[in-house]
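Participant: Let me see the structure of the following:
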Amino acid sequence: MLCYFYILWSERRSKYYIGHTCDDLPERLRRHNSDHKGFTGGVGDWTIVYTEEYLEKARAYKREREVKEWKSRRRIERLIGSAGSEHPGR
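Facilitator: Now for the predicted structure:
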C-alpha cells in the first residue's frame, strides 16, 4: 500500500494544510475541497504543493507530525521549494 505525506495550499486562506493518507491522493484532495466542517472545509481552493511517498502508513504519519512540529511557515516553504515546487503562496 502506498501512503503519502502531503502539503496543501489555499490561496483564499493564505494557509498551508499538512496531512497524510493511504487513500487515492486526488480523491483525498477532492474531500478536502468539499463543503464539510473542519480546517479545510468550505474553502474549496486547496491545491497539492508537495508530496512524499511512503510504503508504510506509520512513516507517512511520522513525517506529518515532524513537519507540523516545525510551526514555521518559512521552513515549510523551504521544503516545498527544495522539491522545485512552485505555488501561489511564495
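Participant: Could you pull up the contacting residues of Thr21?
Facilitator: Counting by Cβ atoms under 8 Å, 6 or more residues apart in numbering, Thr21 touches Cys3, Tyr4, Tyr6, Arg28, Ala60. C-betas here are computed from N, CA, C, even on glycine.
Participant: pretty sure Trp9 contacts Ile18?
Facilitator: No. The criterion here is Cβ atoms under 8 Å, and Trp9 misses it with Ile18 at 10.7 Å.
Participant: before we move on, the earlier item: so which of the contacts of Thr21 is the closest to Gly81?
Facilitator: Tyr6 (15.9 Å; Cβ to Cβ).
Participant: What is the subsequent helix or strand relative to the strand or helix carrying the closest one?
Facilitator: Assigned by DSSP states H and E, Tyr6 belongs to strand 3-10. Remark: after strand 3-10, the chain's next helix or strand is strand 15-21, criterion DSSP H and E.
Participant: List of residues touching the very next helix or strand once past that next one?
Facilitator: Per DSSP H and E, strand 15-21 leads on to helix 25-32 as the next helix or strand towards the C-terminus. Residues from elsewhere that reach helix 25-32 (Cβ under 8 Å, 6+ apart): Tyr4, Tyr6, Leu8, Tyr17, Gly19, Thr21, Thr40, Trp46, Thr47, Ile48, Thr51.
Participant: quick one on the thing from earlier: which of Trp9 and Ile18 has more neighbours?
Facilitator: Trp9 (23 against 17; other Cβ atoms under 10 Å).
Participant: State the distance from the more buried one to Cys3.
Facilitator: 21 Å (Cβ to Cβ, to the nearest Å).
Participant: circling back to that earlier point, could you give me the ChimeraX syntax to select whichever of the contacts of helix 25-32 are buried?
Facilitator: The ChimeraX selection below is limited to those of those classed as buried (16 or more other Cβ atoms under 10 Å):
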select :4,6,8,17,19,21,40,46,48
